[in-house]
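> Just to be clear, the model below is a prediction. Sequence and coordinates:
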Amino acid sequence: MLEKNSMAGSLESNDILVELFHDHKGRSIDLESPVKEQFGDEIISVVNEVLDQYGIDDVLVILKDKGALNYTIKARLKTAIARGQK
Amino acid sequence: MDTYIRSALFIPANNPGMVQSNELLEADAIIFDLEDAISINQKDSARFLLDEAFQFFEKTDVVRIVRINPLETPFFYDDIALVKKFDIDFIMLAKASVESVKQLAQELVDTNIKIIALIESAYAVIDIENILKASSLVKGILFGAEDFALDMQIVRTKKSDEILVARQHLAITCKALNVFALDTPFTDVEDFEMLVADTMKARNFGFSGKACINPRQVNYVNEVFSPSLEEITYALEVIESATKAQLEGLGVFSLHGKMVDAPIINRAKLTIENAKKAGIKYE
């Protein structure tokens, strides 16, 4: 359960900027990525996996990807969630 | 003292580009930094990134070290709680003291992780023997000359005369207590000539390796801390001659007009051992 908006990550190469907006009905994911066509589904699947793990159903997720690998996407999302729960 | 570290490269633990390319940087060890390279409001982010990275990438032969924040910061115990779950070789303890080493060692009881003590204050330099004896998990040190100079209120120079005594004291104490000593990084990342000179000085003092703060420093440092081909050739000659001399019942013999006895033979064996560890082909 998120209590406030939060963000994590950066716009540096190999990174991803994750923004979470808690005042949102349902789960929406907005992805901007240079590899959206090739890996967009996989990135969104990783995000859904982490949100499921934390039981977060009401959130708007905005992702600005700069070529992050899955481990970075998970790490940045988990950081943003932890920050939004404080 | 089996760990072989000629170069130990610092990389910020919050930088995915560097974290994922660390294996390509040719350093014997990587120091994933949770301390000075990470601003206070990014400590959480760096911890999450390392956690995921170490699950994602399998460990290789490159020595994994994580530098954690010192005991007197609010991050010390949170760092340990996470880092002790990782598949790593060492925790590097910033601003090590007898007390902080003991605290850390208690937390690592059920792990295989060993400790590298970061010596970076005047008191730590003179208390080095007690710090090394504070726990059997302490297997090495890194000298942090920048913080040491700050504590001493002295100006750092490229020649490093101002840290000569501290360096030699640390190297000798580590050798006496059979732990490895890593020298302070050379902070001018453009001056490779002075980097080599500074690294040779450290090697001659008895340090076994040196920290690097830029990937471009790694090969220079590795080369200085590796036996040269001339040293290897001479060592092989010494060992061959020693074997013959032993068969003839001679304890001391002459090679190229110089006397060779046990210390020279032992040094030759060490040179060959280090050449093998460095992956140098000499046959």
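All right, it came through fine. Numbers count the residues shown, from 1 in each chain, chains lettered A, B, ... in the order given.
> Quick check: pLDDT value at residue 36.
Answering for chain A, as no chain was given. pLDDT, residue A:36: 94.
> wrong one, I was asking about chain B
So, for residue B:36, pLDDT stands at 94.
> Quick one: residues contacting it.
By Cβ atoms under 8 Å, 6 or more residues apart in numbering or on different chains, the residues touching residue B:36 are residue B:94. To be clear about C-beta, it is placed using only N, CA and C from the backbone, and glycine gets the same treatment.
> So which residues on chain A come close to chain B?
Neighbours of chain B within chain A, by Cβ under 8 Å from any Cβ of the partner chain: A:8-9, A:12-15, A:68-72, A:74-76, A:78-79, A:82-83.
> Could you turn the buried ones of those into a ChimeraX selection?
In ChimeraX, this line selects whichever of these come out buried by 16 or more other Cβ atoms under 10 Å in any protein chain shown:
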select /A:8,9,14,15,68,69,71,72,74,75,76,78,79,82,83
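> In strands only, show me the residues of chain A next to chain B.
Among these, the residues falling in strands (DSSP state E) are residue A:8.
> Could I get the buried residue list for the longest helix anywhere in chain A?
Looking across chain A with DSSP state H, the single longest helix is helix A:36-54. Across helix A:36-54, burial judged by 16+ other Cβ under 10 Å covers A:39-40, A:43-44, A:46-47, A:50-51, A:54.
> and what of stretch A:56-65?
Buried, per 16+ other Cβ under 10 Å, within stretch A:56-65: A:56, A:59-61, A:63-65.
> a strand runs through residue B:259, doesn't it?
Yes - the assignment for residue B:259 by DSSP: H, G, I helix; E, B strand; the rest coil puts it in a strand.
> Run a quick neighbour tally on it.
Look at residue B:259: counted by other Cβ atoms under 10 Å in any protein chain shown, it has 9 neighbours.
> tell me which residues form a beta bridge with it?
Judged by DSSP bridges, the bridge partners of residue B:259 are residue B:254.
> which residue sits closest to residue 3, ignoring its sequence neighbours?
No chain was given, so I picked chain A. Excluding its sequence neighbours, the residue lying closest to residue A:3 (Cβ to Cβ, 6 or more residues apart in numbering or on different chains) is residue A:85, at 6.1 Å.
> Sorry, I should have been clearer: chain B.
Among residues not flanking residue B:3 along the chain, residue B:180 sits closest, at 6.0 Å (Cβ to Cβ, 6+ apart).
> re the thing from before, my guess is the residue nearest to residue A:3 meets residue A:22, correct?
No - using Cβ atoms under 8 Å, residue A:85 is not in contact with residue A:22, being 9.5 Å away.
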